[in-house]
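> Need coordinates for the following:
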Amino acid sequence: LDRSSAASDVYKRQLKSAAMAARKISAGDLNTKIPPGGDDETGALLKTLSSMQDNIRGRMDREQSARTLAQTRLAESLENSKDAIILTDASGQIIVANNQVQTMFPDLDGRKVINSTLEEIFSRRGVPKTIPHIYDELQHEIRFDDGRWARINASDTEEGGRLIIWTDITCLLYTSPSPR
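Down below sits the predicted model:
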């Protein structure tokens, strides 16, 4: 009877350990220690739980690597774009601005665009507030005082932010048969 009771206690402890490890893993703790199991059913359960933990950790690592690669590629694409691009968060704070923003709007004089709010520098449509220009609302185009033209494409993001892209269309207008 003592052997049976001792074996029962071992099984209970192993099952309790397995249940606690499963709860920790389901809560996101993928580094929780899973005790090694024996050659019985409880041991098989613990080994399977350990294998599941390793598989989840591997998937999470691969997903994080893929996300990091995608973010890097996006950042490089934005910087290599010929268009000026800004992105705001839901509160209107500019969180991304590529180098072309300074090229498109040289009158910003090196002003720190990132961490400024959109409304400090531009209207919601992307029309600059402090730079001399004429805005064609129907065409969504700006003619700057220096003769350059830009087309504005502004849209909301799912998170409530704003994406604004300015494309320099000066060459298109001066090479078309009927300039404005």
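> Could you report the separation of the residue nearest in space to the middle of the chain from residue 163?
For the chain, the residue sitting closest to the mean C-alpha position, by CA atoms, centre = their mean, is residue 71 at 6.7 Å. According to CB to CB, to the nearest Å, residue 71 stands 16 Å off from residue 163. In short, each C-beta sits where N, CA and C put it, glycine included.
> Residue 47 too?
Residue 47 is 49 Å from residue 163, by CB to CB.
> just residue 23 next, same as before
In terms of CB to CB, residue 23 sits 41 Å off from residue 163.
> Looking at those two, which one has more neighbours?
Using other CB atoms under 10 Å as the criterion, residue 23 and residue 163 rank with residue 163 on top: 15 against 11.
> is residue 152 in a bridge, and if so with what?
Note on residue 152: beta-bridge partners by DSSP bridges are residue 166.
> pLDDT weak spots in this structure?
1-4, 7, 110, 175-180 (pLDDT under 70).
> Going along the chain, name the strands of the chain.
Applying DSSP state E to the chain gives strands spanning 84-88, 94-97, 133-136, 141-144, 149-156, 162-168.
> ok, residue 159 - contacts?
With contact set as CB atoms under 8 Å, 6 or more residues apart in numbering, residue 159 has these partners: 89, 90.
> what about the residue nearest to the centre of the chain, distance to residue 79?
13 Å.
> now do residue 65
Taken as CB to CB, the span from residue 65 to residue 79 is 21 Å.
> before we move on, what about residue 57?
33 Å.
> what do you get for residue 106?
18 Å.
> And residue 21, by the same measure?
45 Å.
> and residue 104, how many neighbours does it have?
22.
> who does residue 117 bridge with?
Going by DSSP bridges, residue 117 forms beta bridges with residue 93.
> For it, give me its contacts.
88, 91, 92, 93, 94.
> Quick check: residue 122 vs residue 102, distance?
Residue 122 is 14 Å from residue 102, by CB to CB.
> Look at the two and report which has more neighbours.
Relative neighbour count places residue 122 above the other of residue 122 and residue 102, with 25 against 16, counting by other CB under 10 Å.
> follow-up on the earlier one: now, which of the contacts of residue 117 sits nearest residue 9?
Residue 9 has its nearest neighbour among those in residue 91, at 57.5 Å by CB to CB.
> ok now do that closest one, which residues does it touch?
Contacts of residue 91 by CB under 8 Å, 6+ apart are residue 117.
> Residue 21 and residue 79: which is more packed in?
residue 21 (20 against 11).
> Tell me who's in contact with that one.
Residues in contact with residue 21, defined by CB under 8 Å, 6+ apart, are 32, 33, 34, 35, 46, 49, 53.
> wouldn't the first one be in contact with residue 24 here?
Yes - proximity of residue 32 to residue 24 meets the contact threshold set by CB atoms under 8 Å, at 4.0 Å.
> Sketch out the helices for this structure, chain order is fine.
Listed in chain order, the helices of the chain (DSSP state H) span 2-26, 41-80, 100-104, 118-121, 170-175.
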